[in-house]
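Engineer: Structure for this input, please:
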Amino acid sequence: MKKISVNKINLVHVVLGHSYLFYFLALMIGLLADVFIKIRIGGSSNMLIGFILILLGTSLIYIAQNTSRKAHHRKNDFGYTRFLNGPYKFTRSPTHLGLAITMVGLSFVLQSFSLLFCSFLAFLFTRYIFIRKEEKILTENYGDDYIEYKKHVRF
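Structural biologist: Residues are numbered from 1 along each chain as shown. Next comes the predicted model:
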């Protein structure tokens with residue numbers, strides 16, 4: 001098994017931290033824009049959908065973080081299957097997906113088009129900027145194992 005330096009592992013966490021901060025900034029900008037741009041979406045039935053999305057998104061984040069934490073403590077996994085745990089079986093970035101779902105849910109609860117728009121922008125920006133950086137680092141760290149994982153789990 002390939003030895004990975006602590007600095008490269010920390011670099012992944014720095015990139016992830018920046019991407020989470022970007023979601024927070026998008027949330028703040030969306031809420032601020034909502035004060036000035038009062039375009040409303042949906043009605044009271046969308047509030048229920050919003051609460052369900054918030055619950056699903058936060059649950060996905062919680063499960064992904066727990067799965068990731070447990071994976072760091074395992075030493076005996078070999079091959080790309082080390083990545084196939086919890087929500088990582090279905091998506092390579094479950095925390096980012098959870099953040100996006102949570103923000104969309106909050107947009108529905110607040111009936112805020114501005115927040116929905118900022119949620120969409122945050123998702124696209126993190127997907128094509130931060131996640132690409134993260135995956136480049138992970139490919140450098142894990143090599144063929146991570147490339148094989150990417151073949152089996154597309155998003």
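
Engineer: Would you mind writing the CA trace of the helix or strand Tyr146 falls within as CSV?
Structural biologist: Element membership of Tyr146 [criterion: DSSP states H and E] is helix 144-152. Output of helix 144-152 as CSV, limited to C-alpha atoms (Å, rounded to 0.1, in the frame of the first residue of the first chain):
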residue,chain,number,x,y,z
ASP,A,144,-4.9,3.6,-9.4
ASP,A,145,-7.2,2.8,-6.5
TYR,A,146,-8.8,6.2,-6.7
ILE,A,147,-9.0,6.1,-10.5
GLU,A,148,-10.8,2.8,-10.3
TYR,A,149,-13.2,4.2,-7.7
LYS,A,150,-13.9,7.1,-10.0
LYS,A,151,-14.8,4.7,-12.7
HIS,A,152,-17.4,3.0,-10.5
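
Engineer: list the contacts for the residue nearest the centre of the chain?
Structural biologist: Note on the chain: the residue nearest the mean C-alpha position is His96, at 0.7 Å, using Cα atoms, centre = their mean. His96 is in contact with 19, 23, 123, 126-127, 130-131, counting by Cβ atoms under 8 Å, 6 or more residues apart in numbering. The way it works is simple: take the backbone N, C-alpha and C, and place the C-beta from them, glycine included.

Engineer: helix or strand for it, which one?
Structural biologist: Assigned by DSSP H and E, His96 belongs to helix 94-110.
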